[in-house]
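>>> Coordinates for the following, if possible.
(chains A and B)
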Amino acid sequence: MKFLNHLTLGQYVPANSPVHRLDPRCKILSVIALLAGIFLMEHPVAFLAWGGLLLLLSRFSRISFRVVLQGARPVVLLLVFTAAIHLFLTKGTVLWEWGILSVTREGVTMALRMGLRLFFLVLFAGFLTLTTSPMELSDGLESLFHPFERFGFPAHEMAMMMTIALRFIPTLFDETDRILRAQIARGADLEHGGLFRRMKAFIPVLVPLFVIVFQRAEDLALAMEARCYRGGSGRTRMNPLVWKKADTFAIAAVIGIVAFFVLLDLKG
Amino acid sequence: MSIKVDSLCHVYHPGTPLETQALSGVDLIVERGKWVAVVGQTGSGKSTLAQHLNALLLPSSGRVEVDGIPTTAGASELREIRRKVGLVFQYPEHQLFAETVREEMAFGPRNWEFPEEEITNSTRKVMDLLGLPHELLDRSPFELSGGQKRRLSIASVLVSRPDYLVLDEPTAGLDARGRNELLCLLKGLVKEGLGVVHVTHDLELALTMADRILVLEKGKAVFCGTPGSLLEELLERPIRGLCLPPVLELVSGLRSYGYSVPYTLDSEELADCLEREIRS
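Numbering: from 1, shown residues only, chains lettered A, B, ... in the order given. Purely as a prediction, here's the structure:
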């Protein structure tokens, strides 16, 4: 009997591809450029070009296209909903009518455009988490936000919080699983009864979990202090981020492609 | 009346890359009034076996029966099995949650719909048994000392009157005194007819306390029998994953130098014998 399935958070797929090896900062900036480009797309046909780019990226990063497409699964509902709203609520030349529902020519293009835009947004953004480990990602973000520290933005603290949170998610899953088992062994019934009863049945799981979390937080704080952790200033890294030629090339290529697509799109 | 484990196999995450065979073909019988120790290294499948005894895990193949009822039976039988076989996890104080000790104790029996009056009586009895003073009843379980928390969490299982008690490393993290008290107490319960399954990696503890010992190695039972026969076996040939307790190492060393000292775990007895040997 399994009570909690192990969720993999973030969806990092380790591989040794040119995309995986890129500097995380390069990947974050590239994704921002790509997303901006997608927002500027107007022509439904132009999306074919974006689709081609997606295929190319999946080849380069050695991640199967199926895995890439799976990234859109959580937003399918949102996609359908957005497309439907645009389909039925855009005014223009009427193509088809049934009661108060009417579909217009403009509605069809709008629905396609918005739907595809969202779809591609999610897929391209997904590449970042597919090819960058959570650790690299938080290092990259810290380094990118570093210039804002002079305005009081706690870049290092944010990155450290992200790292710690990611690190503890699997541990918390294990703890929850253990407490669940212990309470079930004491006769707790978590599967029957109405919503209220079931929520009440979870108190014996949540209270010990909170106790453990606070204890762990305190232990961790103590361990960090014992090793003289004093925040980010003057801290060196074990694996410093290195911006290589390949990174410059990659980001130049991405910006070039995006600019090319946008120009093409504007001309029609 | 016993727990019967019959060629039990358990596979974790079947059909995935994480597939692991945790138990393969384990047999075991636990009778009431007997102390059975399950010994093995980390990852030998001890804890998996423990969870099978109370139907938290179900066999991939093979059978587990509690007083004749298989753990694969329906939901109502399952509840009865879970009451009959109390399971105390490692570090059981992590399961404490209630506002008062009284509520903590009542959690199990209320789940099994014991009448309130019986819960009160049974709570007092079990607390006496485990040496927890009645003044604690209205205190928060989180205010208790480490040893008291451990005893409270065991008490909260015993209060549902199980016929068998499965304990996973019950002495881990206790000091010497707390450990001895707990073991004495369990011995007393066994005399009164409770069946105890004691999961541990401490061979010496198993040899001194248990009536029968099951040794697990990578999910396979490599030995099952009385402590005496395990000792003989161990001296004949080493069993993988088990090393002799220091006292026995000493005994076999002395014997190889020609001293005729008995195989004993009692260091006092050994000292006496050795003294006599040297004098004569």
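
>>> so where is chain A shaky, pLDDT-wise?
Within chain A, the stretches with pLDDT under 70 are A:1-11, A:44, A:268.

>>> got the residues of it near chain B?
A:1, A:175, A:178-179, A:181-189, A:203-208, A:211-212 (Cβ under 8 Å from any Cβ of the partner chain). In short, each C-beta sits where N, CA and C put it, glycine included.

>>> and these, which are buried?
A:175, A:178-179, A:181-188, A:204-205, A:207-208, A:211-212 (16 or more other Cβ atoms under 10 Å in any protein chain shown).

>>> Which of these fall within helices?
Of those, the ones assigned to helices by DSSP state H are A:175, A:178-179, A:181-185, A:204-205, A:207-208, A:211-212.

>>> quick one: which of those is nearest A:Trp243?
A:Glu175 (39.4 Å; Cβ to Cβ).

>>> any idea how far B:Arg240 is from the closest one?
32 Å (Cβ to Cβ, to the nearest Å).

>>> just checking, B:Lys4 touches B:Arg63?
Yes. B:Lys4 sits in contact with B:Arg63 when judged by Cβ atoms under 8 Å, with a separation of 7.4 Å.

>>> between these two, who's got more neighbours?
B:Lys4 (17 against 13; other Cβ atoms under 10 Å in any protein chain shown).

>>> phi, psi of that one?
Dihedral angles of B:Lys4 (phi, psi; degrees, to the nearest 10) stand at phi -110, psi 120.

>>> Could you pull up the contacting residues of the closest residue to it other than its chain neighbours?
Counting by Cβ to Cβ, 6 or more residues apart in numbering or on different chains, B:Lys4 lies nearest to B:Glu65, which is 4.5 Å off, once chain neighbours are set aside. If a contact means Cβ atoms under 8 Å, 6 or more residues apart in numbering or on different chains, then B:Glu65 has B:Ile3, B:Lys4, B:Asp6, B:Thr71 as its contacts.

>>> what's around the closest residue to A:Thr90 other than its chain neighbours, how many residues?
In space, and not counting its chain neighbours, A:Thr90 is closest to A:Gly107: 3.8 Å by Cβ to Cβ, 6+ apart. For A:Gly107, the neighbour count with other Cβ under 10 Å is 23.

>>> now the one 5 residues further on
Counted by other Cβ under 10 Å, the residues lying close to A:Leu112 total 15.

>>> That one sits in which helix or strand?
Counting by DSSP states H and E, the element that carries A:Leu112 is helix A:105-131.

>>> which helices and strands sit right next to that helix?
Applying 3 or more Cβ pairs under 8 Å, 6 or more residues apart in numbering or on different chains; DSSP states H and E, we find helix A:105-131 packed against helix A:18-21, helix A:24-40, helix A:46-60, helix A:65-70, helix A:76-89, strand A:94-98.

>>> Deepest-packed of the ones you listed, please.
The highest mean neighbour count among the helices and strands packed on helix A:105-131, using mean count of other Cβ atoms under 10 Å in any protein chain shown, belongs to helix A:24-40: a mean of 19.

>>> Would you mind getting the angle between it and helix A:46-60?
Angle, helix A:24-40 to helix A:46-60, by axes from the mean of the first three to the mean of the last three Cα atoms, to 10 degrees: 160 degrees.

>>> tell me what helix A:24-40 is packed against?
Against helix A:24-40 (3+ Cβ pairs under 8 Å, 6+ apart) you get helix A:105-131, helix A:134-145, helix A:245-267.

>>> tell me how far that helix is from the chain's mean position?
13 Å (Cα atoms, centre = their mean, to the nearest Å).

>>> From the rest of the structure, what touches the helix or strand encompassing B:Leu231?
Following DSSP H and E, one finds B:Leu231 within helix B:227-236. Residues from elsewhere that reach helix B:227-236 (Cβ under 8 Å, 6+ apart): B:206-208, B:210-211, B:213, B:215, B:223, B:225, B:239, B:242, B:244, B:248, B:252, B:263.

>>> Equivalent analysis for stretch A:90-99, please.
Against stretch A:90-99 from outside (Cβ under 8 Å, 6+ apart): A:Ser102, A:Val103, A:Thr104, A:Arg105, A:Glu106, A:Gly107, A:Val108, A:Met110, A:Ala111.

>>> Show me which of those residues is closest to chain B.
A:Ala111 (39.2 Å; Cβ to the nearest Cβ).

>>> Check whether that closest one really touches A:His86, as I assumed.
Yes. With contact defined as Cβ under 8 Å, A:Ala111 counts as touching A:His86 (4.2 Å).

>>> shared neighbours, the two?
Common neighbours of A:Ala111 and A:His86 (Cβ under 8 Å, 6+ apart) do not exist.

>>> re earlier: what subset of the contacts of stretch A:90-99 is buried?
A:Ser102, A:Val103, A:Thr104, A:Gly107, A:Val108, A:Met110, A:Ala111.

>>> measure the third one to A:Ser61 for me?
Okay, so that is A:Thr104. 40 Å.

>>> same deal with B:Ala206?
53 Å.

>>> More neighbours: these two, which one.
Higher neighbour count among B:Ala206 and A:Ser61: B:Ala206, with 25 against 19, using other Cβ under 10 Å.

>>> Run through who's touching the one helix or strand the more buried one maps to.
Assigned by DSSP H and E, B:Ala206 belongs to helix B:203-209. The contact list for helix B:203-209 (Cβ under 8 Å, 6+ apart) reads B:35, B:37, B:39, B:171, B:183, B:186-187, B:198, B:200, B:213, B:227, B:230-231, B:242-245, B:247, B:265.

>>> could you pull out the strands for the stretch 101-250 of chain B?
B:164-168, B:195-200, B:212-217, B:220-225 (DSSP state E, counting those that start in this stretch).

>>> Figure out which of the ones you listed is closest to chain A.
Comparing these under Cβ to the nearest Cβ, the one sitting nearest is strand B:164-168, at 8.9 Å.

>>> what about the helices and strands packed on helix A:105-131, which gets the closest to A:Met161?
So among those, helix A:24-40 is nearest, using Cβ to Cβ, at 17.3 Å.
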